[in-house]
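Q: Generate coordinates for the sequence data below:
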Amino acid sequence: MRRWTRRQTLHHGVCLGAAGAVAPLVFKAATVRGTQANSRLQVALIGVGGRGRWFLETIPRMEDVVALCDVNERRLQEAFALWDERASQWENSPEPWQRRAAEVYRRHLKNRPRVYVDFRQMFSEMGTKIDAAVVAMPDHTHAVASAAAIRAGKHVFCEKPLTRTVHEARTLRHLARQFRVATAMGNQGTYTGPFRRALELIRNGTIGQVQEVYVWNDGGGADRDAPPQGDMPIPEGLHWDLWLGPAAWRPYHREWMNRNAWRDFGTGQLGNWASHTANLAFMALEVHTLWSTTVPAEQRIIRCYAEFARKNSLSFPRWEKISWEIPARGHWPPLTIQWLNGPAPGFEELVQPIVAEAPQNQRNLWHFAGTLIVGTKGKIHTTGHNAWFRLLPAESFRGVSCDQPETVPRSRGPEQDWLDACRGGPAAWSEFDYAAALNEFLMLGNIATQVEGPVEYDPLDMKVVNNPAADALLRSEYRAGWSL
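A: Now for the predicted structure:
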């Protein structure tokens, strides 16, 4: 399942549903500084290993990559090797797009982007030679890199999760508004036709009134007992101090780089997967409007409470069951969203009936991650990226295609929608104004698994109103030399 490709995940399947009118999705975005429509953007890629390889292949085919930045010099060398490999593979391809890509990669190899290990130096030295930046680093450095880019006046695409802490997300939202740049977070399901059609069906009442949502992932947490012991020689080419970034100093150990095992560096499955899986419900049911509501404080409090394997401030619990009680929003009634991760109580009872209906070759996919949105007239079940869905019971919703939206705008894809916004077009659906609220919401769950009792959060004031210990976890200390 974990080897399921991005193409398979984002383009798998259609469903049948019921149609109707739906109000368009509206985002309030400041006017952004645009780039001339016919000019190519000058883009910097920050992080070119792991997920960064996707952008290393994709962005040059859309715009000009003028800088590469990675704390591991080996990754920088591998970046050029990848372009050379693709160019050799595709230059005689029967596919026109591959031949065009080969030409693009050859051009970038001839006019090589400048390389850096420190994004701060990159922005200082290159100044106006960069229009936009893509951030695909470990979670704990998303905020500092994105903030540096925005303060330098650059448009920013940041991979999910947006940030590691609530305060970091709020800061990025504020900076994006202040500097009027185009932003987007990389939760790719948002940009698929089925996601947008499901949003319409929820908003137009096809499945009735929604008061319950279940989101799951079977991965669980690492639940480490102790930090890595001792220290190891730093691999040649790795700038360990820069990899640590704002996190507290510690000697190098390769286990630290398994970022999602450690709270200092990762966000667990809530950041890694719920950024995708919880997104449809959060957006369609307009939970994000609580971050801008004018209702009295007591009417906007989100109550989050958790059951978990054990309290662990170092690592993430082996299993967790987190519930968010969400107050009424406009015409939407109160709502409960529940997250089940790993072998949490009730996980199999929820998921197995759904998995039993899956084709044999998709059962691992359906078990691994998904969402169940429960309405009074029916249900919507999605897989982990919210990029495919079906309506339940199927016999009640026959006859209407669910593969493309009918009233809200279609997408040209996550990267292209962001690039269009950079040129003054409509804001990307996962722009930081929205993504910051989703990220804050999810990170409350990580806070709830570190404290006793419920966490009551005021999303407008960014404050936990009932628990000083939880409120302190909204922020983290930064090392000297690092700031937002």
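Q: so where does Lys377 fall, helix or strand?
A: Using DSSP states H and E, Lys377 maps to neither a helix nor a strand.
Q: Excluding sequence neighbours, find me the nearest residue to it.
A: Nearest residue to Lys377, sequence neighbours excluded (Cβ to Cβ, 6 or more residues apart in numbering): Gly208, at 3.3 Å. From N, CA and C alone the C-beta is placed, and that goes for glycine too.
Q: So what's the residue count around that neighbour?
A: Applying other Cβ atoms under 10 Å, we find 13 residues neighbouring Gly208.
Q: let's have the chain start at 366 instead
A: Okay, using 366 as the starting number, the last item reads as Gly573.
Q: Do I have it right that it meets Ile745?
A: No - using Cβ atoms under 8 Å, Gly573 makes no contact with Ile745, being 11.0 Å away.
Q: Could you pull out the strands in the stretch 716-849 of the chain for me?
A: Applying DSSP state E, counting those that start in this stretch to the stretch 716-849 of the chain gives strands spanning 734-740, 744-748, 754-757, 820-823, 828-829.
Q: Give the pairing partners of the first one; include direction for each.
A: As defined by DSSP bridges, the strand partners of strand 734-740 come to strand 575-582 (antiparallel), strand 744-748 (antiparallel).
Q: How far does the last one sit from its chain's centre?
A: So that's strand 744-748. Centroid displacement of strand 744-748 relative to its chain, using Cα atoms, centre = their mean, to the nearest Å, is 19 Å.
Q: quick one: contacts of that strand?
A: Outside strand 744-748, the residues within contact range by Cβ atoms under 8 Å, 6 or more residues apart in numbering are 374, 377, 563, 566-567, 572, 642, 645, 719, 730-731, 734-738, 753-757.
Q: Out of the residues you listed, which end up buried?
A: 374, 377, 563, 566-567, 572, 642, 645, 719, 730-731, 734-738, 753-757 (16 or more other Cβ atoms under 10 Å).
Q: ok, back up a step: so which of the strands of the stretch 716-849 of the chain is nearest Trp621?
A: Closest to Trp621 of these is strand 734-740 (Cβ to Cβ; 26.2 Å).
Q: and the closest one, what's its mean pLDDT?
A: The pLDDT scores in strand 734-740 average 98.
Q: re the thing from before, which residues are in contact with the residue nearest to Lys742?
A: Gly740, Thr741, Lys742, Gly743.
Q: 10 Å - rerun?
A: Contact analysis of Gly573 by Cβ atoms under 10 Å, 6 or more residues apart in numbering lists Ile567, Val739, Gly740, Thr741, Lys742, Gly743, Lys744.
Q: that older thread, let's have the strands of the stretch 716-849 of the chain in JSON lines, adding distance to Gly518.
A: As requested, these are exported to JSON lines (distance: least, Cβ to Cβ, whole Å):
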{"stretch": "strand 734-740", "distance to Gly518": "37"}
{"stretch": "strand 744-748", "distance to Gly518": "37"}
{"stretch": "strand 754-757", "distance to Gly518": "39"}
{"stretch": "strand 820-823", "distance to Gly518": "32"}
{"stretch": "strand 828-829", "distance to Gly518": "31"}
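Q: which is the next helix or strand following the helix or strand of the chain with the lowest mean pLDDT?
A: Ranked by mean pLDDT, DSSP states H and E, the weakest helix or strand in the chain is helix 371-376, scoring a mean of 34. Next helix or strand after helix 371-376 toward the C-terminus (DSSP H and E): strand 407-411.
Q: What is the burial count for Trp455?
A: Count around Trp455 with other Cβ under 10 Å applied: 18.
Q: So it sits against Asp449, correct?
A: No - look at Trp455 against Asp449 with Cβ atoms under 10 Å: they stay out of range, at 11.3 Å.
Q: Which residues are in contact with each of the two?
A: With Cβ under 10 Å, 6+ apart, Trp455 and Asp449 have common neighbours Tyr470.
Q: for the residue nearest to the spatial centre of the chain, what are its contacts?
A: Centroid check for the chain by Cα atoms, centre = their mean gives Lys525 as the closest residue, at 2.6 Å. When contacts are counted by Cβ under 10 Å, 6+ apart, Lys525 touches 416, 504, 507, 550-553, 632, 636-641, 644, 795, 800, 803-804, 807.
Q: Please list only the buried members of these.
A: 504, 507, 550-553, 632, 636-641, 644, 795, 800, 803-804, 807.
Q: Strands along the stretch 566-715 of the chain, start to end?
A: Using DSSP E, counting those that start in this stretch, strands in the stretch 566-715 of the chain cover 575-582, 667-673, 685-691, 700-706.
Q: do the same with the stretch 366-515 of the chain
A: Under DSSP E, counting those that start in this stretch, the stretch 366-515 of the chain gives strands at 407-411, 429-434, 479-481, 497-500.
Q: picking up where we left off before, from the buried ones among the contacts of Lys525, which land in helices?
A: Here DSSP state H is the test, and these give His507, Ser640, His641, Asn644, Ala800, Leu803, Asn804, Leu807 as lying in helices.
Q: quick one: which of these is nearest to Thr659?
A: Among these, and counting by Cβ to Cβ, the member closest to Thr659 is Leu803, at 20.7 Å.
Q: residues contacting that closest one?
A: So Leu803 contacts 525-527, 534, 550, 552, 639-640, 643-644, 647-648, 652-653, 656, 795 (Cβ under 10 Å, 6+ apart).
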